[in-house]
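Novice: For reference, the sequence and a predicted model appear below.
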Amino acid sequence: MRGGAIFLAFFFLFTIASYAVPVPMFPGNLVSALGFVTVPTEYAPFVSAVVNGLVYGFVVWLVFLLVSRRFEEPKVTTIRQKAQQNKKRS
């Protein structure tokens, strides 16, 4: 649930920032530059901003996922160790 909120927050942040600043940013500018999709000229900045939002939102979500799993891993191993100790005592 938190991961979805992280993705949406950064998707909107990067989409709005990319649309507000008229500087071509990677990877959004590649959509029209390399011709992956034929986009009318008036929609090119919006498509570029959405692509930037998707890519950078996904990158931030992936980093969040990896970091959160890294911090949760010691908790899981501690719980498993306690469970094994309780089995030995029984």
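Specialist: That came through, no problem.
Novice: for the helix or strand bottoming out on mean pLDDT in the chain, packing partners?
Specialist: Every helix and strand of the chain was ranked by mean pLDDT, DSSP states H and E. The lowest is helix 28-33, at a mean of 79. Other helices and strands packing on helix 28-33, by 3 or more Cβ pairs under 8 Å, 6 or more residues apart in numbering; DSSP states H and E, are helix 44-89. Using the backbone N, CA and C atoms, a C-beta is placed for each residue, glycine as well.
Novice: what's the spacing between the helix it packs on and its chain's center?
Specialist: Mean-position distance between helix 44-89 and its chain equals 11 Å (Cα atoms, centre = their mean, to the nearest Å).
Novice: Let me know how buried residue 40 is, in neighbour terms.
Specialist: 8 (other Cβ atoms under 10 Å).
Novice: An error on my part: the question was meant for residue 18.
Specialist: Neighbours around residue 18, by other Cβ under 10 Å: 23.
Novice: Does residue 47 touch residue 31 like I think?
Specialist: Yes. If you go by Cβ atoms under 8 Å, residue 47 and residue 31 touch, sitting 5.8 Å apart.
Novice: Pick out whichever of the two has more residues nearby.
Specialist: Applying other Cβ under 10 Å to residue 47 and residue 31 shows that residue 31 carries more neighbours, namely 18 against 15.
Novice: Run through the residues that contact the more buried one.
Specialist: 37, 39, 44, 47, 48, 51 (Cβ atoms under 8 Å, 6 or more residues apart in numbering).
Novice: Please identify which of these is nearest to residue 25.
Specialist: residue 48 (7.4 Å; Cβ to Cβ).
Novice: what residues are shared contacts of residue 47 and residue 31?
Specialist: Taking Cβ under 8 Å, 6+ apart as the contact rule, the neighbours common to residue 47 and residue 31 are 37, 39.
Novice: Only the buried residues of the least confident helix or strand of the chain, if you could.
Specialist: By 16 or more other Cβ atoms under 10 Å, the buried positions in helix 28-33 come out as 28, 29, 31, 32.
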